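1. I'd like to go over a predicted model; first the sequence, then the structure.
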Amino acid sequence: MMKLSTAVYNAAVVLRHATFVIGAKLLAGGTIVAFDDETQQLRVIREGSLLIEGDSISSVSDSIVPDTIPIGVEVINCTGNIITPGFVDTHRHGWQTVFKTLGSNTTLAEYLKRYSASVAQPLFTPDDVYISQLAGIYEALNAGVTTILDHAHHTWTREHAIAGLNASMDSGGRVFFAYTFQNSPDFSIQDQIMHWHELASTVPSGLTTLGIAYDGWIGDPQDPDTAAVVKLALESKVEALTTHDVEGPWSSSNNPELLHWLGILNSSIPIVISHASQISARGAELLRQTNQHISITPESEMHYGHLHPTSHLILDQASLGVDTHFTFSTDILTQARLWLQSTRSRLYKAAIDNWQIPANSPMSVNQAFLLATRNGGLALERPDLGVITPDTKADILIWDARSPGMLGWVDPISAVILHANVGDIKDVIVGGEFKKRDGKLVVEDYAGIQDRFLQSARRIQAKLKDIPLPVPEGRFMGGYPYAPVLEVDVQRGEGTGYGPIYV
């Protein structure tokens, strides 16, 4: 493998420099996982280079040193490493970070009664929201998530809403902050809409974008709250609108059919329907017709039990999300891996159940990689996110391809999707700026932020532990009945099974 020497680089600069660009960076000598717009396929460039000018990628070259290099460019030697776009997370609740490890065995019904926005408000001051959101975004950046669609349902008061927004802006991550409209005591949806307008006029342009989240699509276009949200979204041409859709026995139907009937789906607004766990054939067809997307959150949907029986049938209009990262992984890499293997398992089973031998693998690592990157950008109608091509945003990951887990790789996409872990991410660049470098977050006084976060977390966790766990009896929210699920045991004997919860 060719090494990039200082002498070679300096000679190249003398011959090839063009202009002086402050902050320009050259990622040189690595294997780049780029995207080819013409073939619509991933393009692997070995021993190539990537030039960043400002917040964007200005060139991607097949050679270690491109033809044109600005004077004063910073050279990052990537020889032997893998360069990929950052991961795009299209569903997360950053404010919940302080609940870490409390929900390790919780079901969705328990979550709704214990950790959801509708019950958590008394536990949080605005400062708690701020530090929890900030720490959660740093956690995501460290794991290579460079873009987040944050379903911010901590908008109980003006102060709580502003706290989460400020944390998003201060984080340095690329955040689509979806302000949630929900009736709260002394802060109605109509009040929240007025507040949203105020924020929209004051939020500076940058990495944080103000969006909308709403779960109240009740099927009545004359409902004043729903009508007001639709009017706001259409008139403001909001850059992202998101909603939860969990159907089946859960009966939380914010589905494509309903949004289409209300006149919002077939618009120029990017709409992301989170989970869409039991999406119908009609709903899938509407997404294709309107070019709208769902966010599959594989670990969340397995963990809580709402599952995803039909999501594999609409992957052409799908992206990946994390959801409630306080209960499990914070990274999109894990979601891509889980989704790839669970989809393979589901489709293999169809053959095995008919006593047939699978003749092919039903899903490739390339498809999993695209779900984790490019598809997230497309869901947000941002083709400049989640790909490495000229004139796209410089949201980049540099992987240590000599790590113990990746050593010996040939296919860089397989190396990332099936063999890497988030600890192999050496550098994270968002908008052309390092957010993680040489394995460490680039955050001023991160230790102080950690201490401040732990103070909030310990206080909130203590309050929460004093609240008895909900007992699932009768029917879920007056609808379908609860049912016991078979519990497995990894030990022999009576009383050895589930065990205590260590909180």
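-> Yep, that arrived. Numbers count the residues shown, from 1 in each chain.
2. Give the rounded mean pLDDT of the host helix or strand of residue 175.
-> Residue 175 belongs to strand 174-181 when assigned by DSSP states H and E. For strand 174-181, the mean per-residue pLDDT is 98.
3. What pairs with it, parallel or antiparallel?
-> strand 145-152 (parallel), strand 208-214 (parallel) (DSSP bridges).
4. buried ones in the following helix or strand past the shortest one?
-> Secondary structure here is assigned by DSSP H and E; on that basis, the next helix or strand after strand 208-214 toward the C-terminus is helix 224-236. Burial within helix 224-236, assessed by neighbour count using 16 or more other Cβ atoms under 10 Å, is assigned to 225, 226, 229, 230, 232, 233. Quick note: C-beta positions are derived from backbone N, CA and C, even for glycine.
5. Give me the distance between the residue nearest to residue 23 when sequence neighbours are not counted and residue 76.
-> Leaving aside its sequence neighbours, residue 23 sits nearest to residue 432 (Cβ to Cβ, 6 or more residues apart in numbering; 6.5 Å). Relative to residue 76, residue 432 is positioned 12 Å away (Cβ to Cβ, to the nearest Å).
6. Then residue 446?
-> 22 Å.
7. The two: which is more packed in?
-> residue 76 (24 against 13; other Cβ atoms under 10 Å).
8. before we move on, the earlier item: just say which of the strands paired with strand 174-181 is most tucked in.
-> strand 145-152 (a mean of 30; mean count of other Cβ atoms under 10 Å).
9. average pLDDT for it?
-> Mean predicted confidence for strand 145-152 is 98.
10. Near residue 191, how many other residues are there?
-> Neighbours of residue 191 under the rule other Cβ under 10 Å: 15.
11. how about it, secondary structure?
-> helix (DSSP: H, G, I helix; E, B strand; the rest coil).
12. per-residue pLDDT, it?
-> In this model, residue 191 is scored at 98, pLDDT.
13. Double-check that residue 95 belongs to a strand.
-> No - per three-state DSSP, residue 95 lies outside any strand segment and is helix.
14. that older thread, turn the buried residues of helix 224-236 into CSV, including distance to residue 94 and pLDDT.
-> Shown next, in CSV, are the buried residues of helix 224-236 (distance: Cβ to Cβ, whole Å; pLDDT from 0 to 100):
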residue, distance to residue 94, pLDDT
225, 25, 95
226, 26, 95
229, 22, 96
230, 26, 95
232, 23, 97
233, 22, 97
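15. Tell me which residue lies nearest the centroid of this structure.
-> For the chain, residue 89 is the residue whose C-alpha lies nearest the centre (Cα atoms, centre = their mean; 1.4 Å).
16. Next, count neighbours for residue 30.
-> Residue 30, neighbours per other Cβ under 10 Å, totals 27.
17. Ok, residue 485 next?
-> When neighbours are counted by other Cβ under 10 Å, residue 485 registers 7.
18. cool, and the one 5 residues further on?
-> The burial metric for residue 490, expressed as a neighbour count using other Cβ under 10 Å, is 7.
19. what's the answer for residue 189, then?
-> 20.
20. Next: residue 248.
-> 13.
21. what's the domain layout of the protein?
-> 1-85+387-437, 87-385 (automatic domain parsing).
22. Residues touching stretch 411-422, excluding its own?
-> 31, 33, 42, 44, 82, 84, 142-144, 331, 333, 336-337, 340, 365-366, 368-369, 372, 399, 401, 403, 405-406, 409 (Cβ atoms under 8 Å, 6 or more residues apart in numbering).
23. Of all the residues in that stretch, which ones are buried?
-> Here stretch 411-422 shows 412, 413, 414, 415, 416, 417, 418, 419, 420, 422 as buried, counting by 16+ other Cβ under 10 Å.
24. on that earlier part again, so which of the strands paired with strand 174-181 gets nearest residue 316?
-> Nearest to residue 316 among the strands paired with strand 174-181 is strand 145-152 (19.0 Å), distances taken as Cβ to Cβ.
25. what distance separates the closest one from the centre of its chain?
-> 5 Å (Cα atoms, centre = their mean, to the nearest Å).
26. Start the count at 45 instead of 1 going forward.
-> All set: I'll call the first residue 45, so the last point we hit is now strand 189-196.
27. From the chain's centroid, how far away is whichever helix or strand comes after that strand?
-> The first helix or strand that comes after strand 189-196 along the chain, using DSSP H and E, is helix 202-215. Remark: helix 202-215 is offset 18 Å from the chain centroid, using Cα atoms, centre = their mean.
28. for helix 202-215, packing partners?
-> helix 170-186, strand 189-196, strand 218-225, helix 233-244, strand 252-258 (3 or more Cβ pairs under 8 Å, 6 or more residues apart in numbering; DSSP states H and E).
29. can I get those in a markdown table with distance to residue 392?
-> A markdown table is the format used below for the helices and strands packed on helix 202-215 (distance: least, Cβ to Cβ, whole Å):
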| stretch | distance to residue 392 |
| --- | --- |
| helix 170-186 | 32 |
| strand 189-196 | 30 |
| strand 218-225 | 36 |
| helix 233-244 | 46 |
| strand 252-258 | 36 |
